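>>> generate coordinates for the sequence data below:
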Amino acid sequence: MTPELTLDPETDLSFTRTLAAPRHLIWACWTMPAHIPHFFIPAPHKVTAVDIDLRVGGRFNTTFDVDGHVMDNRGVYLEVVPQEKLVFTDAYTEGWKPAPDPFMTAILLLADAPGGGTLYTAIARHRHPDSRKSHEDMGFFDGWGTVATQLDAYAKGLMA
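This next block holds a predicted model:
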């Protein structure tokens, strides 16, 4: 990893998985609003709204239905490197307005894997060790793992 991505075990969670779908489709799934509802939250929960402005400072807003509870998630993109890196956070909303109770910054790294797939790394950075622990206890590895599985299955379906 590059120095700016050195993981801090006190505040960062991450996993890497090889997905069968090619990188350009994984990128499209993460950056086009029509695709997000198909993978972004573990089933049976649902994404009910998505609003993306794919640029640094642009919005990445989603609304979830989790067991009948509506959850609004507002955030912005911090870095966008086409088909390689996507960084977004809930620490700010559009217009660089600070969020009252930020939770994490997500970093997605994509690279070509042998055989035409994608080497997919998801990193969740937290402000405090307690937030990291809370996220791990909530099921970071199972939840983000499920999302990766759903993403791969959905993206493979787009290959036809």
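>>> can you pull the buried residues of stretch 132-151?
Neighbour-count burial for stretch 132-151, counted by 16 or more other Cβ atoms under 10 Å, picks out Arg132, His135, Phe140, Trp144, Val147, Ala148, Gln150, Leu151. Glycine gets a C-beta too; all of them are placed from N, C-alpha and C.
>>> mind listing residues that contact it?
The contact list for stretch 132-151 (Cβ atoms under 8 Å, 6 or more residues apart in numbering) reads 10-13, 15, 17, 19, 21, 26, 29-30, 38-43, 103-104, 120, 122, 124, 126.
>>> show me what the residue positioned nearest the centre of the chain bridges to in the sheet.
For the chain, the residue nearest the mean C-alpha position is Ala106 (5.7 Å; Cα atoms, centre = their mean). Beta-bridge partners for Ala106, by DSSP bridges, are Phe88, Ala124.
>>> that one contacts Ile123, doesn't it?
Yes: with contact defined as Cβ atoms under 8 Å, Ala106 reaches Ile123; the gap is 7.0 Å.
>>> any stretches of the protein with poor pLDDT?
1-4, 160 (pLDDT under 70).
>>> can you map out the strands along it?
Along the chain, the segments classed as strands by DSSP state E run 12-19, 46-52, 60-66, 69-73, 76-81, 85-89, 92-93, 97-98, 105-112, 118-125.
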